[in-house]
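J.: Sequence and predicted structure are below.
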Amino acid sequence: MEAYAHGRHRDAIAAHGLEIRTLPVDSGGASVSELGDADAALLTPAHQFPFGSTLAPERRSLAVEWALDRDRLLIEDDYDGEFRYDRRPVGAMQALAPERVVYAGTASKTLVPGLRLGWLVLPANLVEEVVTVKARSDWHTSSLEQLTLAEFIASGDYDRHVRRSRLAYRRRRDRLAAALGEDVRIAGTAAGLHALLELRAGRSEANVIARAAERGLALEGLGAYRTGAHRHGPALVVGYATPPEHAFTAALARLKAALAD
Ligand SMILES: Cc1ncc(COP(=O)(O)O)c(C=O)c1O
């Protein structure tokens, strides 16, 4: 796993009794040269969560080579790949080694997390086992939601919705960047629905989070996502898709005030 990662993934992996090893992350994504003799790797190559970087091209090749040479499994969690603002989205690693990479996508960012719809593109030899495990866990996902999404996609409306949303979220990200002072840097790729705001060394994440909470703003610190010993400086993980449009300007002002305290 990446040293900063989604807590639910960490919990799910640990609950299966697997030993977790972590890869440091930096502006080039996860340090995949450290994969070594792991059995499998879970990565967020398009947009590292929550760090925000994109896996560097040479690291993508290295990770795919690792999976192919050692016959290991790579899980590519592409949770927000539809939203890239500075260029076209990068291609999936799955296409480079379809028999060694599991691709995971979701409607949670493009539509809504409460829908609970996602998809896996699996190596052929894993399909049967995954279908069995899924059936044991909840029999099947609601047909009504699946059929509605299928119609939404087939009609072209899903694509139109994603394009419209991409523009709206890009504007929000730009407004967030413009609202921040000199002391705070947005790290990572211009993509997704969250940004990592790096704080000056020595500033306390907990302090800024508390100041923000006093103003009715819920923020998270990077520290909450740490899975290994590797430690990055203080930073905030700010989701800019959540506030409704009419509340966004006020939310930015509150964030700015919390940071200025
Ligand atoms: C890193 C990461 N992976 C995956 C997901 C999507 O999970 P799900 O499709 O279960 O909502 C998220 C959503 O927040 C995420 O942050």
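T.: Ah, there it is. As the structure is a computational prediction, the values presented were derived from the model and not from experiment.

J.: where does the protein dip in pLDDT?
T.: Applying pLDDT under 70 to the chain flags no residue at all.

J.: Can you name the residues of it sitting close to the ligand?
T.: Within the chain, the positions lying close to the ligand (CB under 6 Å from any ligand atom) are 6, 44, 49, 77, 79, 106, 108, 113, 118. All C-beta atoms are positioned from the backbone trio N, CA, C, and that covers glycine.

J.: Repeat the analysis, applying 8 Å as the threshold.
T.: 5-6, 8-9, 44, 49-50, 77, 79-80, 104, 106-109, 113, 116-118 (CB under 8 Å from any ligand atom).

J.: From those residues, which land in strands?
T.: Cross-referencing the residues of the chain next to the ligand against strands under DSSP state E gives 77, 104, 106, 118.

J.: Can you tell me which of the residues you listed is nearest residue 59?
T.: Distance ranking of those against residue 59, using CB to CB, places residue 77 first at 15.6 Å.

J.: okay, now that closest one: neighbour count?
T.: Neighbour count of residue 77, defined by other CB atoms under 10 Å: 24.

J.: Tell me who's in contact with it.
T.: 6, 9, 42-44, 49, 104 (CB atoms under 8 Å, 6 or more residues apart in numbering).

J.: For PyMOL, write the selection for the buried entries among the ones in strands among the residues of the chain next to the ligand.
T.: In PyMOL, a selection of the buried entries from those looks like this (16 or more other CB atoms under 10 Å):
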select buried, resi 77+104+106
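
J.: which one of the ones in strands among the residues of the chain next to the ligand is nearest the ligand?
T.: Within those, proximity to the ligand (CB to the nearest ligand atom) peaks at residue 106, which comes in at 3.2 Å.

J.: ok, now which ones touch the nearest residue to the closest one once chain neighbours are set aside?
T.: Once flanking residues are discounted, residue 106 sits nearest to residue 118: 3.9 Å by CB to CB, 6 or more residues apart in numbering. If a contact means CB under 8 Å, 6+ apart, then residue 118 has 104-108 as its contacts.

J.: Distance to residue 24 added to those residues, as TSV?
T.: Output for the contacts of residue 118, formatted as TSV (distance: CB to CB, whole Å):
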residue	distance to residue 24
104	22
105	26
106	26
107	31
108	27
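
J.: Tell me the one among the residues you listed nearest to residue 209.
T.: Distances from residue 209 to the contacts of residue 118, taken by CB to CB, are shortest for residue 108, at 23.6 Å.

J.: so who does that closest one touch?
T.: 79, 115, 117-118.

J.: Looking at those, spot the one nearest residue 189.
T.: residue 79 (13.7 Å).

J.: Would you mind confirming that the closest one makes contact with residue 103?
T.: No: in this structure residue 79 lies outside contact range of residue 103 using CB atoms under 8 Å: 11.2 Å.

J.: Just checking: what are the partner strands of the helix or strand hosting residue 74?
T.: Using DSSP states H and E, residue 74 maps to strand 73-77. The strands that strand 73-77 pairs with in its sheet are strand 40-43 (parallel), strand 101-106 (parallel) (by DSSP bridges).

J.: Report the buried residues of that strand.
T.: Buried, per 16+ other CB under 10 Å, within strand 73-77: 73-77.

J.: how many neighbours does residue 258 have?
T.: Neighbour tally, residue 258, other CB under 10 Å: 20.

J.: Could you do residue 51 as well?
T.: Residues lying near residue 51 (other CB under 10 Å) number 25.

J.: can you check the one 5 residues further on too?
T.: Other residues near residue 56 come to 16 when the count uses other CB under 10 Å.
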